[in-house]
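Trainee: okay, here's the prediction I keep looking at, along with the sequence it came from:
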2 protein chains.
Amino acid sequence: MAVYTQVNSDQVRAFIAGYDIGPLETYVGIADGVENTNYLLFTGSGRYILTLYEKRVAEGDLPYFLDLMDHLSRQGIPCPVPLHDRMGNALGRLADRPAALVTFLEGIARSRIEPGHCRAVGRALALLHTASSDFGKSRPNGLSLGAWEQTLFQSEARLDKYDKGLYEEVSDDFARIAASWPTSLPTGVIHADLFPDNVFFRDGEVSGLIDFYFACNDFFAYDLAICINAWCFERDADFNITKAGALLKGYEENRCLSAGEIAALPVLCAGSAMRFLFTRLVDWDTTPSSAVVRPKDPAEYLGRLRFHRAARGPDSYGLGRT
Amino acid sequence: MAVYTQVNSDQVRAFIAGYDIGPLETYVGIADGVENTNYLLFTGSGRYILTLYEKRVAEGDLPYFLDLMDHLSRQGIPCPVPLHDRMGNALGRLADRPAALVTFLEGIARSRIEPGHCRAVGRALALLHTASSDFGKSRPNGLSLGAWEQTLFQSEARLDKYDKGLYEEVSDDFARIAASWPTSLPTGVIHADLFPDNVFFRDGEVSGLIDFYFACNDFFAYDLAICINAWCFERDADFNITKAGALLKGYEENRCLSAGEIAALPVLCAGSAMRFLFTRLVDWDTTPSSAVVRPKDPAEYLGRLRFHRAARGPDSYGLGRT
């Protein structure tokens, strides 16, 4: 939520001179974005986002992310389209950082989620999954089971500092989740971070999907589980089955779920809750109290994890409701 | 340099519903601005800046600032124009803060200053001074002599923490400046913070003046002294007399300086350097090291203060050079 790297107008002008987007008219630093620095540019030909990649994004992964956005946009997914300079490169350098220009997307992220938005997100997620089926590149999910195990066992003190007894509680969850984690579900490119912040709406329909910097190859149904957690809870543990039903219904309008995917929903939801619980605990523990970017509260995801632990089965998620 | 107060799209929509600017299309938080929270809004009718005033700005001063921008824009000064809601109010409330909508100004702040920019700024400053002559309201300068005295004598430890012996050095300056501070120069509304960040250019001409939240009533020539310090030094103490000559020449194209104003330039420049030295020392001392907004280095203004202390007289400032 900040501009980490300041660039002046001469630097911006020099950077965009390599692209056919006309002269710089105005630019402003954007406050959104926890990971990277973003500027909104107005040039003779329109509006663009200039992103400077900060150290939380591995430079070696950037071609995957940029190529993915290129691929998805060609398939009609409303994602940012990377611009290519006159040499054909989508990735450049600015202020000693990797940098890229992408198109600016219209629309507004929702602050108040209604079931209709969940259904629209479900549809969009399924389109994303089918559109990436012939994307040639692959990137492992760096925040899956193995990473949770590392984070979990590295952070006994951290978990108990947050909430006495949490380590023991979550260790049990981990053992259970690891034992029943699926091995052979349909796999492909997933967004892996499709929170309401990253979905723009216009007239009730999805007009933009952004922030592909956690995208990776994993189970499609795991992406759906991430969305169930991100879109279908009212508060920490107050599950809204109507929203989840709408999300799943929207998804199945564009891609049918297999019996295996449906059966795995509870464990995938629990795993996804664990992933965000752990990363939020790390941020909570390592962010100085004076920082402008406030870490998100891990409690939300602890509540979700407890909900999924208690879920009876796939029926608890509103499948087949209308 | 941050969004201090987050507002969601429902809040923004509810706020702008009172204005005739069409529906909200997109909005982004802007990273610029140390004092307040700013959002850039795109609506059916154009681009606007939504400002939420944070606690560093006194709420009682806001009508002065907004009325001043209204007045100046009617006189043709390219400043943000406050929008009035259907009740006629320029000042509203949002997220428990005073808030206002103003027009978005085209243009780009200069990172590399050339003498031609100084001349253009001088012209714009003189127009600002003459345009405000019939502005009916008045606001004392809260960062003038009296405030320096308070800050100076409150901060002996702070000054010496920054640089051993600084308190004694600057006490001498203060005594000298206070003794020769002018009493009867032409007075009116001054911008009081017209740094390069606050001036937008387009095709070499000034296209916008922003950030009127230090504006007050004081000597016009003191505003000029602030600009000499802000625009005409290359590094801490490396005075560029060509730039200062261009600034003064530009100013005199639109408003002639009196003999008294010219004679007072050295003490006004020294006083202005002292004002920014003191406020930067406060920021330097009170900003946590982990803050995203880095405080500006007081050393720049200590160097300028030392330059002005040694200046022979008004001739040192490039008056009459072309």
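Mentor: The structure has been received and is ready for your questions. Remember, predicted model here, so these are calculated numbers, not experimental data. Numbering: from 1, shown residues only, chains lettered A, B, ... in the order given.

Trainee: for the rest of this, base every contact and every neighbour count on C-alpha atoms.
Mentor: Noted.

Trainee: how many residues are close by the closest residue to A:E106 other than its chain neighbours?
Mentor: Nearest in space to A:E106, with sequence neighbours left out and distances taken as CA to CA, 6 or more residues apart in numbering or on different chains, is B:T26 at 6.2 Å. Residues lying near B:T26 (other CA atoms under 10 Å in any protein chain shown) number 20.

Trainee: from A:A109, how far off is B:T26?
Mentor: With distances taken as CA to CA, to the nearest Å, B:T26 is found 9 Å from A:A109.

Trainee: repeat that for A:G44.
Mentor: 27 Å.

Trainee: now A:N8
Mentor: From A:N8 to A:A109 the distance is 29 Å (CA to CA).

Trainee: who's more crowded, those two?
Mentor: The neighbour comparison of A:N8 against A:A109 (other CA under 10 Å) goes to A:A109, with 22 against 15.

Trainee: am I right that the residue nearest to A:E106 is in a strand?
Mentor: Yes: with DSSP: H, G, I helix; E, B strand; the rest coil as the criterion, B:T26 is part of a strand.

Trainee: name all residues that make contact with it.
Mentor: For B:T26, the contacting residues are A:106-108, B:41-43, by CA atoms under 8 Å, 6 or more residues apart in numbering or on different chains.

Trainee: out of these, who's the most crowded?
Mentor: Busiest of the contacts of B:T26 [other CA under 10 Å] is A:I108, holding 24 neighbours.

Trainee: who's that residue bridged to?
Mentor: Following DSSP bridges, A:I108 is listed with bridge partners A:F201.

Trainee: contacts only, for it.
Mentor: Counting by CA under 8 Å, 6+ apart, A:I108 touches A:199-202, B:9, B:25-27.

Trainee: look up how far B:A270 lies from it.
Mentor: 49 Å.

Trainee: hang on, the earlier thing: so can I have TSV of the contacts of B:T26 showing distance to B:G188 and pLDDT?
Mentor: Compiled in TSV, the contacts of B:T26 are given as follows (distance: CA to CA, whole Å; pLDDT from 0 to 100):
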residue	distance to B:G188	pLDDT
A:E106	44	90
A:G107	45	93
A:I108	44	94
B:L41	33	96
B:F42	36	95
B:T43	36	95
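
Trainee: closest one of the residues you listed to A:D283?
Mentor: In terms of CA to CA, no member of the contacts of B:T26 lies closer to A:D283 than A:I108, at 26.6 Å.

Trainee: where's the closest one relative to A:D20, distance?
Mentor: Separation of A:I108 from A:D20 (CA to CA): 28 Å.

Trainee: A:Q154 too?
Mentor: According to CA to CA, A:Q154 stands 49 Å off from A:D20.

Trainee: which helices and strands does the least confident helix or strand in chain A by mean pLDDT pack with?
Mentor: Within chain A, no helix or strand scores below helix A:145-154, which has a mean of 77 by mean pLDDT, DSSP states H and E. Other helices and strands packing on helix A:145-154, by 3 or more CA pairs under 8 Å, 6 or more residues apart in numbering or on different chains; DSSP states H and E, are helix A:166-180, helix A:259-286.

Trainee: okay if I get the ones you listed as TSV plus mean pLDDT?
Mentor: What follows is those, written out as TSV (pLDDT from 0 to 100):
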stretch	mean pLDDT
helix A:166-180	93
helix A:259-286	92
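
Trainee: closest one to chain B among these?
Mentor: Nearest to chain B, of all the helices and strands packed on helix A:145-154, is helix A:259-286, at 11.8 Å by CA to the nearest CA.

Trainee: any buried residues in the closest one, and which?
Mentor: Burial within helix A:259-286, assessed by neighbour count using 16 or more other CA atoms under 10 Å in any protein chain shown, is assigned to A:261-262, A:264-284.
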